[in-house]
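Engineer: Here is the input, now give the coordinates:
(one chain, ligands or ions: 2)
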Amino acid sequence: MEPAYFEAGEPCAVLTTQPLDRPLDYLAPEGGCWSGSYVEVPLGPRRVLGVVWGPAAGDYDRAKLRAVLRVLDVPPMRDELRDFIIKAADYTLTPLPAMLRLATRAPGLSDAPATRRIYRLGEGEPDRMTDARQRVLETMREYGGLAFTQRELAEMAGVTSSVIKGLVKQGALREEDAPKDLPFPHLDPNHKGKDLTEDQAAAATHLAQGIASGTYGTTLLKGVTGSGKTEVYLEAVAACLKRGRQALVLLPEIALTSEFLTRLEARFGGRPAEWHSGVTMTERRRTWKMVAENGAQVVVGARSALFLPFRDLGLIVVDEEHDTSYKQEDGVLYNARDMAVLRASLCSARVVLASATPSLETWANAEAGKYDRLDLTSRFGEAVMPEMEAVDMRAETLAASTWISPTLRKAAQERIDRGEQALLFLNRRGYAPVTICRACGHQVACPHCDARMVEHRFLKRLMCHQCGETTPMPEECPSCHVAGKLAPVGPGVERLAEEATTLFPDARIAVLSSDLFGSARALKEEIKRIADGAADIIIGTQMVAKGHNFPNLTLVGVIDADLGLQGSDLRAAERTFQLMRQVAGRAGRSTKRGLALMQTFQPEHPVIRAILSGDEEGFWQAEAAERQAAGVPPYGRMAGVIVSSEELNDAFDLANQLTRQCEPLRSVGAQVFGPAPAPIARIRGRHRVRLLVKSPKGVALQKAIALWVRNVRVKNTTRLTIDIDPQSFL
Ligand code: ADP
Ligand code: ZN
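Structural biologist: Ligands and ions are numbered 1, 2, ... in the order given. Next comes the predicted model:
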């Protein structure tokens with residue numbers, strides 16, 4: 001379809017990123033505009049960003065219409081992206097402007113193209129090294145050859161601009177005028193791939209054939225950690241580039257490492273565009289524009305990269321597709337994995353969902369024949385899956401307030417003696433999850449949330465993991481005011497490290513927990529240092545389960561394999577299964593056979609048994625049967641509704657009103673459960689009340705919900721959040 005063109009002065013509708021319920025009419029500017037043009041329009045006293053959405057609604061006095069101020073110098077939004085935004089908004093019940101905001105999150109988009117002054121490392125040395133100068137040079141080296149504007153550099157290094165000017169004068173930094181937003185280096189699909197194993201080659205060929213078909217299709221690429229899934233999907237990327245189309249590789253934020261980018265660079269002879277929280281504002285805008293203008297062939301990014309204005313997207317890879325971080329839990333609630341499938345279906349692209357432990361949703365779609373499925377069954381080279389054993393905690397003798405069993409201790413000591421690494425896994429940050437007063441029994445809780453305060457001993461503070469509130473560790477009990485009686489209960493990684501230090505006095509012990517590092521970058525560097533051999537014992541939370549190779553790691557000890565099984569969450573079993581297998585997959589990734597020891601009080605629990613026996617298909621079949629019987633996802637549909645307010649009564653009033661007026665839901669066969677206080681009943685001082693909507697598969701649930709909530713009046717102090725396909729039930 002030819003996009004519509006609006007002559008100067010002709011009315012057209014513009015969707016802005018402002019929270020209005022519909023597009024507004026404006027007059028096309030001098031030179032006219034296309035449907036899809038990105039524009040700036042006046043709104044009240046402000047200039048705001050928008051997109052020409054189509055013909056004017058015409059219900060507003062034409063004489064009062066204001067003119068579009070300017071058409072931005074970027075290609076108009078393509079129909080495919082527009083469709084995607086509309087459908088994604090419908091699916092997630094998100095207002096269109098919020099969706100458009102996701103798709104235009106590139107600061108400075110409306111700045112005129114021009115040159116800018118940038119800084120690179122120079123040849124010279126400063127005459128005198130100061131801390132500030134040192135920081136600037138280290139920042140430059142850390143980002144290996146990237147250029148920055150003065151402001152970015154000053155901010156990142158925490159120095160004033162005079163420090164930067166000083167370094168320029170000495171030749172340690174080089175100043176250049178660069179055109180804004182240069183294209184990314186050309187990527188060559190024929191550069192040099194690895195020789196694939198027979199399995200890998202067969203999988204790569206299958207994916208390449210899909211791409212050659214030029215039609216939509218989704219493939220589950222399943223293979224144990226280390227089987228070469230990345231190698232295989234890089235071949236799919238190559239096939240896509242050969243056809244002149246763009247490729248997007250989505251990774252969970254934590255897996256976005258320089259290791260991965262280096263690998264991609266080695267394969268294609270150039271670095272791809274990046275899109276994630278670690279990218280500077282300038283680079284974000286560059287990526288956004290180049291993706292639209294044919295200056296970026298491959299984007300490696302976190303979930304919001306899905307909303308970039310690709311010119312011709314031919315492939316989306318979702319690596320670690322089961323990862324819960326693909327579900328955005330704040331603002332627009334969407335699941336990037338599902339939205340990737342949606343977007344691909346609208347632009348005749350292929351999707352590759354890669355995982356060692358796919359989600360049950362994806363597994364079921366493959367079973368049902370909606371997705372193809374490729375299996376890589378063996379690890380590349382010599383590496384084999386680790387042996388898995390339970391440590392039956394009922395038969396172990398442990399001193400009070402210790403968590404490492406004699407069996408695990410012995411196994412770890414053996415690795416240390418052999419110069420290998422052992423990982424002790426515990427999915428709990430901080431020192432102790434609970435702080436209790438031994439005088440009165442009070443448990444220290446967050447003043448704003450329904451959550452216990454977690455002791456962080458390195459920081460000497462108590463912290464709320466819901467809202468981030470922290471207080472210094474109190475001397476006396478906040479309730480009975482007796483001093484010196486507060487005691488930690490249960491272990492977090494910091495406490496486990498303390499125990500390990502006592503048990504293994506000669507070992508080098510490293511704790512990997514996201515809160516112990518200032519930035520994601522610092523954390524990733526530490527992971528790399530440890531993988532290179534800087535520690536004998538690694539103590540870590542779930543972030544070690546993702547994405548990084550520890551070649552010398554041969555033992556994984558899971559401190560509490562039962563931890564994830566306790567939740568009432570419908571995905572508790574699935575999550576435990578995935579997490580335990582991912583963690584175990586860290587052991588023995590190179591040539592040494594690994595061992596995974598799982599401490600458990602219920603070794604006969606079906607989930608634990610499935611993990612130990614490695615009977616994945618058996619596990620999924622059993623899990624699928626249970627969900628099918630209960631009519632829950634993926635065999636039924638769900639939506640979570642959270643009503644929150646500072647006044648508990650207001651929250652309950654609205655929730656009760658919703659339950660009473662649920663006719664629109666009932667008419668499609670959906671049921672409402674609740675209201676009940678949400679499992680986390682208060683966050684940041686707001687009370688939270690929850691309803692759960694359940695319906696059979698195949699009904700138009702979103703439509704029914706939209707009708708349903710339209711009937712109630714929401715006070716402006718009360719907030720109603722709807723989460724389609726909820727992943728977390730907190
Ligand atoms: P996965 O993505 O399944 O975890 P990777 O693709 O990361 O697996 O492969 C694991 C390791 O094996 C990597 O270091 C990778 O470079 C190596 N590898 C996999 N396949 C090959 C191959 N065909 N030739 C050389 N190295 C390979
Ligand atoms: Zn809190």
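Engineer: Mind checking the pLDDT average for stretch 341-355?
Structural biologist: Per-residue pLDDT over stretch 341-355 has a mean of 97.
Engineer: Does ligand 1 have contacts with that stretch?
Structural biologist: No - for stretch 341-355 and ligand 1, the contact criterion (Cβ under 6 Å from any ligand atom) is not met; the two come no nearer than 6.9 Å. All C-beta spots, glycine's among them, are computed from the backbone N, C-alpha and C.
Engineer: Output that stretch as PDB, nothing but the C-alphas.
Structural biologist: In PDB, the C-alpha atoms belonging to stretch 341-355 read as follows (Å, rounded to 0.1, in the frame of the first residue of the first chain):
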ATOM      1  CA  VAL A 341       7.100 -13.800  17.500                       C
ATOM      2  CA  LEU A 342       4.400 -11.200  16.800                       C
ATOM      3  CA  ARG A 343       6.800  -8.800  15.100                       C
ATOM      4  CA  ALA A 344       8.400 -11.500  13.000                       C
ATOM      5  CA  SER A 345       4.900 -12.700  11.800                       C
ATOM      6  CA  LEU A 346       4.200  -9.200  10.600                       C
ATOM      7  CA  CYS A 347       7.400  -8.700   8.600                       C
ATOM      8  CA  SER A 348       7.900 -12.300   7.200                       C
ATOM      9  CA  ALA A 349      10.900 -12.900   9.400                       C
ATOM     10  CA  ARG A 350      12.100 -16.000  11.200                       C
ATOM     11  CA  VAL A 351      12.500 -16.400  14.900                       C
ATOM     12  CA  VAL A 352      15.000 -18.600  16.600                       C
ATOM     13  CA  LEU A 353      14.200 -19.300  20.300                       C
ATOM     14  CA  ALA A 354      17.400 -20.700  21.800                       C
ATOM     15  CA  SER A 355      17.600 -22.400  25.200                       C
END
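Engineer: Show me how far that stretch is from its chain's centre.
Structural biologist: Remark: stretch 341-355 is offset 18 Å from the chain centroid, using Cα atoms, centre = their mean, to the nearest Å.
Engineer: tell me which element the closest residue to ligand 1 within the stretch 451-600 of the chain is part of?
Structural biologist: Among all residues of the stretch 451-600 of the chain, Asn549 sits closest to ligand 1, at 6.4 Å; criterion: Cβ to the nearest ligand atom. Take DSSP states H and E as the rule and Asn549 turns out to sit in neither a helix nor a strand.
Engineer: now the helices for the stretch 151-300 of the chain?
Structural biologist: Counting by DSSP state H, counting those that start in this stretch, the stretch 151-300 of the chain has helices at residues 161-169, 198-213, 229-242, 258-268, 281-293.
Engineer: List the contacts of the first one.
Structural biologist: It refers to helix 161-169. With contacts defined as Cβ atoms under 8 Å, 6 or more residues apart in numbering, helix 161-169 is touched by 119, 122, 126, 130, 132-133, 136-137, 150-151, 153-154, 157, 173-175.
Engineer: coming back round to it: surely the residue of the stretch 451-600 of the chain closest to ligand 1 touches Ala531?
Structural biologist: Yes - counting by Cβ atoms under 8 Å, Asn549 does reach Ala531; the two are 6.3 Å apart.
Engineer: So between those two, which is more surrounded?
Structural biologist: Ala531 (20 against 15; other Cβ atoms under 10 Å).
Engineer: Can you tell me the closest non-neighbouring residue to the more buried one?
Structural biologist: Of all residues not flanking Ala531 in the chain, Phe550 sits nearest, at 4.8 Å (Cβ to Cβ, 6 or more residues apart in numbering).
Engineer: what's the neighbour count on the one you found?
Structural biologist: 23.
Engineer: so what's it up against?
Structural biologist: Applying Cβ under 8 Å, 6+ apart to Phe550 gives the contacts Gln421, Leu423, Ile530, Ala531, Ile538, Arg586, Arg589.
Engineer: Bridged to the second one, which residues?
Structural biologist: Beta bridges link Leu423 to Ile538, Val556, judged by DSSP bridges.
Engineer: Many thanks, I have nothing further to ask.
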